[in-house]
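A.B. asks: output the structure for:
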Amino acid sequence: MSATQYYPDNCEDLDEVYDCINCDELVEKARVRHVGTVKTSYLATLLAGLLDSAVWATGIANGDIKLIPDVIGTWNGGVPKEEAGYGDQTSSISAYEHEVAFKDQRYKGNDTFYDSLAKAKNNVFFFATETLIHFGTKPVTILPKSPVSDNTTDKVNWDVMAKWSEKSLLKQHDRLDAILNCAFIAAQL
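C.D. replies: From the prediction side, this is the model:
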């Protein structure tokens, strides 16, 4: 009687090299500065032409990309979700839970926009830091709210949380500064 042997195909360690060439140039400044969503059906097209403003323009004009420039926000970095390990490994990472919290000062007239983002089911999220843009690949949940304080000098902002889960850490891409403004968006509509 022969026994069937099972060898998982993910046992190999990846030998990635740490990037430390020009270490001073590898510093990225913090703050989520621009955010948006892209329909899952347009994501591959956008990623293939990420530095081409025409690809962004087409996506915005067709409604496949929703871009919100000039926000202030934070990203949790992707919190590892652990599960039981096997063999000698105590645990393993099954996913990374991502949360981006941001504020948008353009409160007036954007209630239906944020309502549509909250109801969308086929969008992924992206955000930009100082020089990079980061894309999720799994559907995002957008949770908008607009709290009003009792201070007459405070601004009313959209206070938004974006949540999604990924199998891996987010990939970094160079960002295209020319598209990250209201003038570019308005020109496409």
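
A.B. asks: can you map out the helices along the protein?
C.D. replies: 40-48, 53-61, 111-119, 182-188 (DSSP state H).

A.B. asks: tell me which residues in the shortest one are buried?
C.D. replies: Just to be clear, that refers to helix 182-188. For helix 182-188, burial by neighbour count (16 or more other CB atoms under 10 Å) applies to 184-185, 188. Placement of C-beta: from N, CA and C, glycine included.

A.B. asks: nearest to W158, out of the helices of the chain?
C.D. replies: Across the helices of the chain, the minimum distance to W158, taken as CB to CB, is reached by helix 111-119, at 5.9 Å.

A.B. asks: could I have that closest one exported to PDB, CA atoms only?
C.D. replies: Extracted C-alpha coordinates of helix 111-119, given in PDB (Å, rounded to 0.1, in the frame of the first residue of the first chain):
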ATOM      1  CA  ASP A 111     -22.900  64.100  -0.100                       C
ATOM      2  CA  THR A 112     -24.100  62.100  -3.100                       C
ATOM      3  CA  PHE A 113     -20.500  61.500  -4.100                       C
ATOM      4  CA  TYR A 114     -19.600  59.900  -0.800                       C
ATOM      5  CA  ASP A 115     -22.900  58.100  -0.600                       C
ATOM      6  CA  SER A 116     -22.100  56.400  -4.000                       C
ATOM      7  CA  LEU A 117     -18.600  55.500  -2.700                       C
ATOM      8  CA  ALA A 118     -20.100  53.900   0.400                       C
ATOM      9  CA  LYS A 119     -22.500  51.800  -1.700                       C
END
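
A.B. asks: that helix: how far from the chain's middle?
C.D. replies: Taking the mean of its C-alpha atoms, helix 111-119 sits 18 Å from the chain's own mean (CA atoms, centre = their mean, to the nearest Å).

A.B. asks: who are the packing partners of that helix?
C.D. replies: strand 141-145 (3 or more CB pairs under 8 Å, 6 or more residues apart in numbering; DSSP states H and E).

A.B. asks: so N157 touches Q105, yeah?
C.D. replies: Yes. Assessed by CB atoms under 8 Å, N157 is found in contact with Q105 at 5.4 Å.

A.B. asks: the more surrounded of those two?
C.D. replies: N157 (18 against 12; other CB atoms under 10 Å).

A.B. asks: okay, and the beta partners of the spatially most central residue of the chain?
C.D. replies: The centroid of the chain falls nearest to F126 when counting by CA atoms, centre = their mean (3.0 Å). Going by DSSP bridges, F126 is paired in beta bridges with G36, F135.

A.B. asks: phi and psi next, for T152.
C.D. replies: For T152, the backbone dihedrals are phi -70, psi -10 (criterion: degrees, to the nearest 10).
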